[in-house]
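In: the following block contains a protein sequence and its predicted model.
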Amino acid sequence: MSLSYSAPGKLFISGEWAILEVGNHGLVAAVNNRVHVSLEGTLEDILITAAEFGVREVHAKYAEGKLHIDADDKQKETLKLLGEALSTSLKFLGESSIMPKPFHIITSSKDTQFEVGGQLKKVGFGSSAALVVSAVAAVLDFHGYQANKEEIYKLSTIAHYYAQGKVGSAFDVAASTYGGLFVYSRFDPDWLTKKVESGEPLAQIVREKWPSLIIEELSIPADFRLLVGWTGDSASTSAAIKQMNEFKAANREKYDELMDSIADIAEGAIESFRGEDWEKFFIVLNKNEELLRELGETSKVNIETPELRKLSEIASDYGAVGKLSGAGGGDCGIGICFDDVTANNVMAAWGDEGLKPLDITIDKDGVKKD
């Protein structure tokens, strides 16, 4: 038996950084650069192949709730996320009285990378979350468990959260699971940590209502154009979050003030998007950009790079609205407009200025069987 799954990447529209605080909302889109995972049965052991990372048929065994990977430290680090996804899935299946079967899992994330100077570069589409989501969905299906998207999201979030050192809001996991364009409010991380570390069965945690979690899909107007430009630099979100947490610990009052301002602007973006008030939508996204710039300057976290600022300004010059997307420090910025002429002008101008326009569309499917 063999099967394949894939899951899309993500882009943040409004509410970056503030989304880390429980109760705040963000506007998020899934994008059509997918991570692919295929599974086929084997006679013994679990085999893992991730060719783009130089991993081929690495052996692993699952025992007592953990996947034990037979590899050197470098390969183990490379496979940390995938290993956590497999461990979480197999543990959940065991709690459902489904015995693990040996399989060969093969991953491909080339769709989320672009070649620059002969090297493949990550562009910040959340490929790690898409990998976890597609792996969880594939492993559950391979064992005959027909999971719904809520189960896939929650199991993937637990795996991703722990593999990343308990940082992040899991908005990227939601994008990879559900697809589309949606309002997101993160789960309460303290609640989830207590649940998992108390030894409560995963099956029980997945069934429960997660405090503060909101995933609300919005309809996308036919003429909505989401433009994506890459700066040429990859960024580490988890490292930036750790640095931001240090700023938070040392400057709590200023941190809260900035995060509250970004959260308020994100509410304005969501409200104007729902009401199709595009003039206000552009105004609040511009303000969102200014606040992210201020957050970076105040916290000393590298958020708006010169390239991201240039990308935003070019979008505005041609009648779109532009801003960085996500944690910043590199990766991608976005432009939004409502006609092809403006879209083409922005993309051409980005290219002329040494930025890389990407052929990206909103992915409405989320995780799916291929």
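Out: Right, received. Where do you want to start?
In: so what touches the host helix or strand of Leu90?
Out: Here Leu90, judged by DSSP states H and E, is contained in helix 80-95. Outside helix 80-95, the residues that touch it by Cβ atoms under 8 Å, 6 or more residues apart in numbering are 46, 48, 50, 60, 62, 65-67, 69, 76, 99-100, 105, 107, 128, 131-132, 135-136, 139-140, 143, 145, 155-156, 158-160, 162-164, 201-203, 206. Placement of C-beta: from N, CA and C, glycine included.
In: what does stretch 14-22 give?
Out: 12, 24-27, 168-169, 171, 184-189, 211-212, 241, 244, 259-260, 262-263, 265-266, 269-270, 284-285, 288, 292, 295, 303, 324-328.
In: among the residues you listed, which are in strands?
Out: Of the contacts of stretch 14-22, the ones assigned to strands by DSSP state E are 12, 26-27, 184-185, 324.
In: and the helices in this protein?
Out: For the chain, helices defined by DSSP state H occupy the ranges 73-78, 80-95, 127-142, 149-163, 171-178, 189-197, 202-207, 237-250, 252-274, 278-299, 306-317, 340-352.
In: of the ones you listed, which is nearest Ala222?
Out: helix 340-352 (12.1 Å; Cβ to Cβ).
In: residue farthest from the centroid of this structure?
Out: Within the chain, Leu43 marks the point farthest from the mean C-alpha position, 34.2 Å out by Cα atoms, centre = their mean.
In: find the nearest non-adjacent residue to it, please.
Out: Leaving aside its sequence neighbours, Leu43 sits nearest to Pro102 (Cβ to Cβ, 6 or more residues apart in numbering; 6.6 Å).
In: if I look at the one you found, how far off is Gly41?
Out: 7 Å (Cβ to Cβ, to the nearest Å).
In: more crowded one of these two?
Out: Taking other Cβ atoms under 10 Å, Pro102 and Gly41 do not tie; Pro102 has more neighbours (14 against 11).
In: quick one on the thing from earlier: which among the contacts of stretch 14-22 count as buried?
Out: 12, 24-27, 168-169, 171, 184-187, 189, 241, 244, 259, 262-263, 265-266, 269-270, 284-285, 288, 292, 295, 303, 324-328 (16 or more other Cβ atoms under 10 Å).
In: distance of the residue nearest to Leu43 relative to His36?
Out: Where His36 is concerned, Pro102 sits at a distance of 21 Å (Cβ to Cβ).
In: next: Gly268.
Out: 37 Å.
In: what does Phe171 give?
Out: Taking Cβ to Cβ, one finds Phe171 at 22 Å from His36.
In: returning to that earlier point: list phi and psi for the residue farthest from the centre of the chain.
Out: Main-chain torsions, Leu43, degrees, to the nearest 10: phi -80, psi -40.
In: likewise for Gln164?
Out: Dihedral angles (degrees, to the nearest 10) for Gln164: phi -90, psi 10.
In: which residues touch it?
Out: Gln164 neighbours (Cβ under 8 Å, 6+ apart): 81, 128, 238.
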